[in-house]
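Student: Predicted model, plus sequence, below.
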Number of protein chains: 2
Amino acid sequence: MSDSKPIALDAMGGDHAPHEIVAGAVHAVRERGLAVVLVGSPRVLYEALADHDATREIPIVRAEEALAMDEGALASLRRPRSSIAVACHLVRRGDASAVVSAGSTAGVVATGRLRLKAQHGVLRPAIAVALPTLPHPTLLLDAGANADTKPEMLVQFAQLGTVYAQLAYDIAQPKVGLLTIGGEAEKGNKLVKRAHELLQAAPGIRFTGNIEGFDLLTGRVDVIVTDGFTGNVALKTMEGAVRYAFRELRETISDSRVAQLGALMQRSRIRELHRRLDSEAHGGAVLLGLNGTVVIAHGSSRAAGISAACRLAVDLSAAGIVSTIGDRVASAQKHHRRR
Amino acid sequence: MSDSKPIALDAMGGDHAPHEIVAGAVHAVRERGLAVVLVGSPRVLYEALADHDATREIPIVRAEEALAMDEGALASLRRPRSSIAVACHLVRRGDASAVVSAGSTAGVVATGRLRLKAQHGVLRPAIAVALPTLPHPTLLLDAGANADTKPEMLVQFAQLGTVYAQLAYDIAQPKVGLLTIGGEAEKGNKLVKRAHELLQAAPGIRFTGNIEGFDLLTGRVDVIVTDGFTGNVALKTMEGAVRYAFRELRETISDSRVAQLGALMQRSRIRELHRRLDSEAHGGAVLLGLNGTVVIAHGSSRAAGISAACRLAVDLSAAGIVSTIGDRVASAQKHHRRR
């Protein structure tokens, strides 16, 4: 079984690498019972593991280079032995089931494309992010892998997201919405208007129409499709707005004596809520459409976030997301040729 | 002086028209000392004014038709005697200083373009929205007038926003940021990358580089430039996220007895904050680049929002925003030809 293979965890990527990454690996192994290999500088990682008495529990695979957090696609070409490149290589060779990295998104995407290649029939891999709605998350894709896209790519993003929602949240026929600037079919830019037509005719997709920015966190649909530019702006806008609301709230409730007392009573609950809304909780974005599962943890992830990302990677890999996407894309293309 | 002319207030546009619009007009006249004419159905408006004993204070201009809130650009062409069309006509004829409408944005934009026409040299009028940052608002444009734009249009949006920030917030050289998906110059889609180059070379604009969705509410720049599709998605995403944060907060703090007591102590302050962050407070979006000032109040505006929108319209009109934009656009074009 593929899920008995370990996760290849890029130990050098992320704002708090390598220490929080190593701590996350230790948590994933000890608390979640997952198998993990750390990829990075052996000397540094051995020392970090020693701090947890974990040198015998978690193997290290050597990668002498690393991509810095501010390095993007170009650097990934110049560094074939970076920790993320080696992690991809382990999956490609069949020695690991999935990759987890908290490195720069642009670097992980570029390296993943280069080392794992897009699946047969996939026009462009896309980043899917799970938004914190209830009873299950809402998937937004593309969250930033492709700044310029064609309408046909948006239809594929709908297929990728549909498979993800089916496997991860057990939704038989996930509702798919197209992110645009109004509910009516003709609302949007040229890209979206054409994608709307294509989505209505696409087999195997339950397209329920346009949605607007208001709907990102209402759970109105299960999968939200958009180009990577708009998706990335929307996602960061959302994070910024939630942060803003909490900042304003904190100022408001620490403004008077009576209110302060009230605030004291609630501090832990508000802190807990803030953490839940924070990116840490959702366990990371997933790069879909490659020959291998790649989970991109938030750059600011600490141990808990890394451990959650490992869990997600194992689950998606064990559910066979790569082969299911392959089947679905092939059948959509067969349908397309038959018409 | 142009500001002695009244505001032409579209009394039939908005979710709460005509009663809240009329109440807003009464507030603007009595509490702010502004001059207002109501445009719409005389019978309906006379009755509404009578409820406020204001039939002698506020004149009515007849318009027998109205655009419904779900009607867009096409309907505005078919209804030359709609209340918003007649309001624009009053400005065009010199009988009013500015238009205020809470009608459908698409309808107001289409009618404004058709009746007032774009200023000489303006490629596309744009919607500027004031985001609630401190010490002064941050202007975001285009917030939805143009779904498909060219890089040159984004440069003009920067000029329009610069003039608005100078006149409304008294900022000598407003900082302009370009909304995209990363800080580095090469981050973005084709539109944004080309606009980045043009903005760096544009005269009279203090371009400080790229910004991301995180920065919409941090006040890092004074003017945020984007295409109308991205701007509209970002704005609605922001509103949705703030609403979400407050909804979650409400559930969190009404979840336990102790917390409830705390919540009780703070209820009024939290409600006040929520209202401040709500769209009502900012007095409306402004359609820039037409031969006349057009303020688009939020569709859900009540009397206070309408009155604030009238204040904004009077201030911008009195500051000469239309002629200043005309001068600035002409001088940029002269500079362009000289190069």
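Tutor: On my side now, so go ahead. Numbers count the residues shown, from 1 in each chain, chains lettered A, B, ... in the order given.

Student: ends of stretch A:78-88, how far apart?
Tutor: 15 Å (Cα to Cα, to the nearest Å).

Student: can you check stretch A:290-302 too?
Tutor: 26 Å.

Student: can that stretch be found next to chain B?
Tutor: No. Shown here: stretch A:290-302 not in contact with chain B (Cβ under 8 Å from any Cβ of the partner chain), separated by at least 12.1 Å. Bear in mind the C-beta positions are built from the backbone N, C-alpha and C, glycine included.

Student: Okay, buried residues for that stretch please.
Tutor: Residues of stretch A:290-302 classed as buried: A:290, A:291, A:292, A:293, A:294, A:295, A:296, A:297, A:298, A:299, A:301, A:302 (neighbour count, 16 or more other Cβ atoms under 10 Å in any protein chain shown).

Student: Export those as TSV, with columns for secondary structure and pLDDT.
Tutor: Formatted as TSV, these follow (DSSP: H, G, I helix; E, B strand; the rest coil; pLDDT from 0 to 100):
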residue	secondary structure	pLDDT
A:290	strand	98
A:291	coil	98
A:292	coil	97
A:293	strand	97
A:294	strand	98
A:295	strand	97
A:296	strand	96
A:297	coil	94
A:298	coil	89
A:299	coil	89
A:301	coil	91
A:302	coil	92
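
Student: Now distance to residue A:42 too, for the residues you listed, in CSV please.
Tutor: Listed next are the buried residues of stretch A:290-302 as CSV, based on distance: Cβ to Cβ, whole Å:
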residue, distance to residue A:42
A:290, 27
A:291, 27
A:292, 24
A:293, 25
A:294, 23
A:295, 23
A:296, 24
A:297, 22
A:298, 26
A:299, 24
A:301, 22
A:302, 23
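
Student: And the residues you listed, which two are furthest apart?
Tutor: Farthest pair in the buried residues of stretch A:290-302 (Cβ to Cβ) is A:291 and A:302. Separation: 30.1 Å.

Student: which residues sit in contact with whichever residue of the stretch 1-150 of chain A sits closest to chain B?
Tutor: Residue of the stretch 1-150 of chain A nearest chain B, by Cβ to the nearest Cβ: residue A:147 (4.2 Å). Applying Cβ atoms under 8 Å, 6 or more residues apart in numbering or on different chains to residue A:147 gives the contacts A:227, A:228, A:229, B:181, B:187, B:188, B:189, B:190.

Student: Of the residues you listed, which is the most crowded?
Tutor: When neighbours are taken as other Cβ atoms under 10 Å in any protein chain shown, the top entry among those is residue A:227 (29 neighbours).

Student: Skipping its backbone neighbours, what lies nearest residue A:313 in space?
Tutor: residue A:98 (3.9 Å; Cβ to Cβ, 6 or more residues apart in numbering or on different chains).

Student: ok, now residue A:171?
Tutor: Per Cβ to Cβ, 6+ apart, closest to residue A:171 is residue A:165, 5.0 Å.

Student: could you check the distance from the one you found over to chain B?
Tutor: The spacing between residue A:165 and chain B, counted by Cβ to the nearest Cβ, to the nearest Å, is 20 Å.

Student: how many neighbours does that residue have?
Tutor: 25.

Student: mind checking pLDDT for it?
Tutor: The model reports residue A:165 with a pLDDT of 97.

Student: and the helix or strand containing it, C-alpha only, in PDB?
Tutor: If you go by DSSP states H and E, residue A:165 is part of helix A:151-169. Extracted C-alpha coordinates of helix A:151-169, given in PDB (Å, rounded to 0.1, in the frame of the first residue of the first chain):
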ATOM      1  CA  PRO A 151     -11.200  29.100 -19.600                       C
ATOM      2  CA  GLU A 152     -10.500  25.400 -20.200                       C
ATOM      3  CA  MET A 153      -8.100  25.500 -17.300                       C
ATOM      4  CA  LEU A 154     -10.800  26.700 -15.000                       C
ATOM      5  CA  VAL A 155     -13.000  23.700 -16.000                       C
ATOM      6  CA  GLN A 156     -10.100  21.400 -15.100                       C
ATOM      7  CA  PHE A 157      -9.700  23.200 -11.700                       C
ATOM      8  CA  ALA A 158     -13.400  22.300 -11.200                       C
ATOM      9  CA  GLN A 159     -12.600  18.600 -11.800                       C
ATOM     10  CA  LEU A 160      -9.500  18.700  -9.500                       C
ATOM     11  CA  GLY A 161     -11.500  20.300  -6.800                       C
ATOM     12  CA  THR A 162     -14.400  17.900  -7.200                       C
ATOM     13  CA  VAL A 163     -12.200  14.900  -6.700                       C
ATOM     14  CA  TYR A 164     -10.500  16.500  -3.700                       C
ATOM     15  CA  ALA A 165     -13.900  17.300  -2.000                       C
ATOM     16  CA  GLN A 166     -15.100  13.800  -2.800                       C
ATOM     17  CA  LEU A 167     -12.100  12.100  -1.300                       C
ATOM     18  CA  ALA A 168     -11.400  14.400   1.600                       C
ATOM     19  CA  TYR A 169     -14.900  15.300   2.800                       C
END
